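1. the following block contains a protein sequence and its predicted model.
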Amino acid sequence: MSRIGFKPISLPSGVTVTINGNAATVKGAKGEVSVLIPEGVSVEVKDGKAQVKIIDKENVRQGNENEGTVAANLKNAIHGVTAGWKKELEIAGTGYRAQMKGKAVSMFLGYSHEIAIEPIGQYTKISVPDETHVTVEGTDKQEVGQTAAFIYDSHRPDVYGNKGVHFKGQHLIKKVGKRAAAATAGAAGAAKK
């Protein structure tokens, strides 16, 4: 059973949480994030702390799951409006590059056409520090991750040449081509004779 929901969530200075029906709106310096509150769970805010509580005593198991999920989502929202979320991607390949066109990123990834991807959400922003790096920043963790996933899916890294788009620090496995593998196997067989 998760114990995340039992712990009160402290609110940093400048962060406010307002409850409106089945949604909690977290506002801070970098923007605002809305967190869905499912049935059977409530959120109380007092003395600079937010507490998630189970109100449905009949379905305790589902209430425990929802309690932990809402608490984790609130913590992510508080982190987003104070520090923000960030994903960095790198582009590898001859002639592969990215540039900004308005709010969207336009990428040339070896296709006959360019690929343009716009950020998801009001507070999500895409930037291109140089032609081979793309940065996605924002307040909502899900929106930042979804925007970065769309950029990543535009051309996933090739396992033979590692060309394409990958996350910064991602471990890439490079396979040996069939022709090179056959040549090394043939050379090893000739050496045994």
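-> Nice, I can see it. Numbers count the residues shown, from 1 in each chain.

2. give me the most central residue, this structure.
-> Residue closest to the mean C-alpha point of the chain, counted by C-alpha atoms, centre = their mean, is residue 145 at 2.1 Å.

3. where does this protein have low pLDDT?
-> 1-2, 180-181, 185-193 (pLDDT under 70).

4. could I get the full set of helices for it?
-> 60-82, 141-153, 178-192 (DSSP state H).

5. got a list of contacts for the first one?
-> Meaning helix 60-82. 1-2, 4-5, 7, 9, 11-12, 14-15, 17, 24, 26-33, 35-38, 40-41, 43, 50, 52-57, 85, 138-141 (C-beta atoms under 8 Å, 6 or more residues apart in numbering). Glycine gets a C-beta too; all of them are placed from N, C-alpha and C.

6. next: stretch 112-131.
-> 30-33, 91, 97-101, 103-109, 134-140, 143-144, 146-147, 150-151, 154-155.

7. now do the strands in this protein.
-> 9-10, 16-20, 23-28, 31-36, 41-46, 49-54, 85-92, 97-101, 104-108, 115-117, 125-130, 133-138, 164-167 (DSSP state E).

8. which one of the helices of the chain lies closest to residue 169?
-> Residue 169 lies closest to helix 141-153 among these, at 13.0 Å (C-beta to C-beta).

9. dump the closest one to CSV, keeping only the CA atoms.
-> Output in CSV follows, covering the C-alpha atoms of helix 141-153 (Å, rounded to 0.1, in the frame of the first residue of the first chain):
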residue,chain,number,x,y,z
LYS,A,141,5.3,17.5,-16.5
GLN,A,142,2.9,15.6,-18.8
GLU,A,143,2.8,18.3,-21.5
VAL,A,144,6.6,18.7,-21.5
GLY,A,145,7.0,14.9,-21.8
GLN,A,146,4.4,14.6,-24.5
THR,A,147,5.9,17.4,-26.6
ALA,A,148,9.4,15.9,-26.2
ALA,A,149,7.9,12.5,-27.2
PHE,A,150,6.5,13.9,-30.4
ILE,A,151,9.9,15.4,-31.3
TYR,A,152,11.6,12.0,-30.5
ASP,A,153,9.1,10.0,-32.5
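
10. so what are the domain limits for this structure?
-> The chain breaks down by automatic domain parsing into domains covering 4-82, 85-167.

11. of all those domains, which lies closest to residue 177?
-> Among those, domain 85-167 comes nearest to residue 177, with 5.7 Å by C-beta to C-beta.
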